[in-house]
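J.: The amino acid sequence is not available; the structure is as follows:
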């Protein structure tokens, strides 16, 4: 797709041999339109030649083929997800990705799939990393003793303890800062895999099949509730912390005491996402009022011309969200929040306003 912008590309047409492997959904319409702007034709055997978006029959054809291909994509994804659930639950299999800070990967035998085994692939398991495992144990011990996350961050940076990005820079090239942050410490303290159990599906990805040729292709990662996690039936690796310590630390997170001793309610906790950096916004109490902020400029890399902190008061948000949902302005705040949670909506916030993001409808597979 990058080559079609080059006037000296050396070709003037692209032939799609198998549409199932070439596109899904309405991707092909965007691809054909992009190619046409640069003088490149897209040939499809089912069309008997080059595709023409001005031809009604061609448009109907590619939409039918796109729906068929997307159905196959969803089927394949469901099969893969089902297999990964079984591998995690029944076998405690490590399914890829970065090893959690505090662990390292070691070979655990040949791959059970004969075809993969013939290629020389093997399976891996997690093993405590002697360089970083003590830091993980220290974090849980100190946090359970009552120290705040921010206090732990300050201590780690003062001592010069390598943060995850600094410990493994080759796998963390997207991280420009080499310091501990509240987010990095909190993510370690919230990871149940340190108890020795294999846990999968803590996150899910909302795949966007609409714009494959665009650099801003949306691929939204969401944290799943614990009810959707898949946990192995037996321990799969050495634990760095006991289950009792892990549970105690989670209770500290959920029952954080306030200085005034009063309970605080945040109606939109977990429902707001920063429109600047994509992170989930934090609940924050200021001047006796609930609010939400994103400190993308403090806890991670910040692009130029980006505000250091985005802060929105809850009472101001209620009016904006009610308007975006076409609800009466007099609607109660709890009703507005219930509407969002019932329909699994997400509010994208910027300094200029808010927008409602609806969940992408699931394609029913026969």
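T.: Structure's in. What do you need? Bear in mind the structure is a predicted one, so any value in this text is a computation, not a measurement.

J.: in the sheet, who's paired with the residue nearest in space to the middle of the chain?
T.: Ranked by distance to the mean C-alpha position of the chain (Cα atoms, centre = their mean), the top residue is residue 221 at 2.0 Å. Per DSSP bridges, residues listed as beta-bridge partners of residue 221: residue 205.

J.: For the remainder of this discussion, apply numbering that starts at 587.
T.: Noted, 587 is the first residue going forward, which turns the last one into residue 807.

J.: I figured it was touching residue 791, is that so?
T.: Yes. Distance between residue 807 and residue 791: 5.4 Å, which falls inside the contact criterion (Cβ atoms under 8 Å). To be clear about C-beta, it is placed using only N, CA and C from the backbone, and glycine gets the same treatment.

J.: what about the residue nearest to the centre of the chain, distance to residue 864?
T.: 9 Å (Cβ to Cβ, to the nearest Å).

J.: now swap in residue 727 and tell me
T.: 33 Å.

J.: contact partners of stretch 620-639?
T.: Stretch 620-639 has contacts (Cβ atoms under 8 Å, 6 or more residues apart in numbering) with 587, 590-591, 595, 597-603, 605, 614-615, 617-619, 644-645, 647-648, 651, 799.

J.: Low-confidence regions, the stretch 637-786 of the chain specifically.
T.: Low-confidence segments of the stretch 637-786 of the chain, defined by pLDDT under 70, are located at 757-763.

J.: Do a quick rundown of the strands in it.
T.: Under the criterion DSSP state E, counting those that start in this stretch, the stretch 637-786 of the chain contains strands at 689-696, 708-714, 785-786.

J.: Not counting its own residues, what contacts the last one?
T.: This means strand 785-786. For strand 785-786, contacts defined as Cβ under 8 Å, 6+ apart pick out 670, 671, 674, 681, 778, 779, 815, 816, 817, 818.

J.: Please enumerate the helices of the stretch 687-836 of the chain.
T.: Taking DSSP state H, counting those that start in this stretch, the helices of the stretch 687-836 of the chain run over residues 700-704, 719-730, 735-745, 750-753, 768-775, 829-840.

J.: Pull the distance from the second one to the chain's centre.
T.: Going back to what we said before, that points to helix 719-730. Distance, stretch centre to chain centre, for helix 719-730: 26 Å (Cα atoms, centre = their mean, to the nearest Å).

J.: Could you measure from residue 754 over to residue 691?
T.: With distances defined as Cβ to Cβ, the gap from residue 754 to residue 691 amounts to 11 Å.

J.: Looking at these two, which is more packed in?
T.: Residue environment comparison for residue 754 versus residue 691 gives the larger neighbour count to residue 754, 18 against 14, counting by other Cβ atoms under 10 Å.

J.: ok so, going back, would you reformat the helices of the stretch 687-836 of the chain as TSV and include distance to residue 854?
T.: Compiled in TSV, the helices of the stretch 687-836 of the chain are given as follows (distance: least, Cβ to Cβ, whole Å):
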stretch	distance to residue 854
helix 700-704	45
helix 719-730	27
helix 735-745	22
helix 750-753	30
helix 768-775	20
helix 829-840	17
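
J.: Tabulate the ones you listed (a markdown table), appending distance to residue 944 and mean neighbour count.
T.: Output for these, formatted as a markdown table (distance: least, Cβ to Cβ, whole Å; neighbours: other Cβ atoms under 10 Å):
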| stretch | distance to residue 944 | mean neighbour count |
| --- | --- | --- |
| helix 700-704 | 39 | 11 |
| helix 719-730 | 37 | 18 |
| helix 735-745 | 33 | 15 |
| helix 750-753 | 34 | 18 |
| helix 768-775 | 27 | 18 |
| helix 829-840 | 29 | 14 |
